[in-house]
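Enquirer: what follows is a predicted protein model with its sequence.
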Amino acid sequence: MRKVLLGLAAAVGLFGCEKPLAAPGHTGVCWRMVEGMNRKPDFKPVAPNIDTLENCAVRLEGIRMAYGQPVTGAFQGRFIYVTDEEISAASGPNSQRYRVFTPAQRLEIQKGIETLMAREKAGG
């Protein structure tokens, strides 16, 4: 029984050593979180030279609209969550989220993205 308890204690200790997920902190880069090697989260750049978290969130909203799936991204060390319900941001995966856009602002963003998507589809 003692060996089992020691084994469990060691396993719990290993989980405690795993680094918590952190958003990339690179200045001006908008990121999208994807499934990486060993099914662990990884971040891929969406766009460089982005000046605000809000502009990154708009890019991520475009991805959500194009693929019809929720998107998690990051900008300068903060997480951005884009779902059907809202766009929110937080300092970490388990941190308090705050809304990035009001529903009216988001509707205007979606209209603009739809216009851009229609123009791209039409070839112009």
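Expert: It's in.
Enquirer: where along the protein do the helices fall?
Expert: All helices of the chain, identified by DSSP state H, fall at 2-17, 53-67, 103-122.
Enquirer: give me the neighbour count for the closest residue to residue 33 other than its chain neighbours.
Expert: Excluding the flanking residues, the one nearest residue 33 by CB to CB, 6 or more residues apart in numbering is residue 72, at 4.3 Å. The way it works is simple: take the backbone N, C-alpha and C, and place the C-beta from them, glycine included. Neighbourhood size, residue 72 [other CB atoms under 10 Å]: 18.
Enquirer: who is residue 72 paired with across the strands?
Expert: residue 81 (DSSP bridges).
Enquirer: which ones are touching it?
Expert: Counting by CB atoms under 8 Å, 6 or more residues apart in numbering, residue 72 makes contact with 32, 33, 79, 80, 81, 82.
Enquirer: gap between the last one and residue 19?
Expert: So the one you mean is residue 82. Distance of residue 82 to residue 19, computed by CB to CB, to the nearest Å: 25 Å.
Enquirer: low-confidence ranges in this structure?
Expert: For the chain, applying pLDDT under 70 flags the ranges 1-18, 124.
Enquirer: try it again with 90
Expert: Residues of the chain meeting the criterion pLDDT under 90: 1-21, 36-39, 121, 123-124.
Enquirer: contact partners for residue 54?
Expert: Counted by CB under 8 Å, 6+ apart, residue 54 has contacts 100, 101.
Enquirer: ugh, wrong one, residue 80
Expert: Shown in contact with residue 80 (CB under 8 Å, 6+ apart): 53, 56, 57, 60, 72, 73, 74, 87, 88, 89, 100.
Enquirer: neighbour-wise, which of the residues you listed leads?
Expert: residue 73 (29 neighbours).
Enquirer: and that one, how close does it get to residue 118?
Expert: Distance of residue 73 to residue 118, given as CB to CB: 24 Å.
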